[in-house]
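In: Task: produce atomic coordinates for the following.
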Amino acid sequence: KLTEQHAINSAKLMNETQPNYVSTLVVNFPMGMQRFSSRFPDFKALPQIMLFEEIYLFLNDLELDRTIFRSDHASNSLVLKGILNKDKERLMLQTEQAINHPNEARLRHGNKLGL
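Out: Below is the predicted model:
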């Protein structure tokens with residue numbers, strides 16, 4: 001329920017600090033969701049499409065000068081790489097493609113995150 005707030009506030013933090021490098025990861029549960037849920041009962045894992053929407057919101061609100069951006073960890077189904085803000089439009093288009101046409105997007109296979 002705090003996905004939008006998370007994306008927007010994360011972007012605000014990046015804009016304020018202008019980091020050299022920004023990377024995103026997708027939360028996963030190597031010890032099982034039940035173990036995590038016992039400590040955070042209100043948490044609900046996002047379906048894949050909503051993860052793409054969250055990264056889109058994050059990218060949309062970023063105003064960076066020369067930040068290396070990577071979303072290429074094994075946890076990310078959609079691999080994104082670029083320099084922000086130079087490549088922002090391309091990264092947003094790739095993300096939009098994944099949202100609107102996930103079967104046509106270049107997604108990593110074998111990532112069982114609920115596409």
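In: My understanding was that L51 contacts V26; is that so?
Out: Yes: with contact defined as C-beta atoms under 8 Å, L51 reaches V26; the gap is 6.1 Å. C-beta coordinates here come from the backbone N, C-alpha and C atoms, glycine included.
In: Between those two, which has more neighbouring residues?
Out: A side-by-side neighbour count of L51 and V26, using other C-beta atoms under 10 Å, places L51 first with 24 against 19.
In: Buried residues, the worst-scoring helix or strand of the chain on mean pLDDT. List them.
Out: Sorting the helices and strands of the chain by mean pLDDT, DSSP states H and E puts helix 33-39 at the bottom, at a mean of 84. Buried residues in helix 33-39, defined by neighbour count with 16 or more other C-beta atoms under 10 Å: F36.
In: Give me the contacts around whichever helix or strand comes after that helix.
Out: Once the chain leaves helix 33-39, the next helix or strand it forms, by DSSP states H and E, is helix 48-61. Helix 48-61 is contacted from outside by 3-4, 6-8, 10-12, 15, 24, 26, 46, 71, 77-78, 80, 84, 88, 91-92, 95-96, 98-99, 102, 113-115, using C-beta atoms under 8 Å, 6 or more residues apart in numbering.
In: residues touching L80, list them.
Out: 55, 69-72, 91, 94-95.
In: What distance do you get for it to A98?
Out: To A98, L80 is 9 Å away according to C-beta to C-beta, to the nearest Å.
In: Check N85 too.
Out: Distance from N85 to A98, by C-beta to C-beta: 20 Å.
In: More neighbours: which of the two?
Out: Taking N85 and A98 together and counting by other C-beta under 10 Å, A98 has the greater number of neighbours (25 against 16).
In: Perfect, that will be all.
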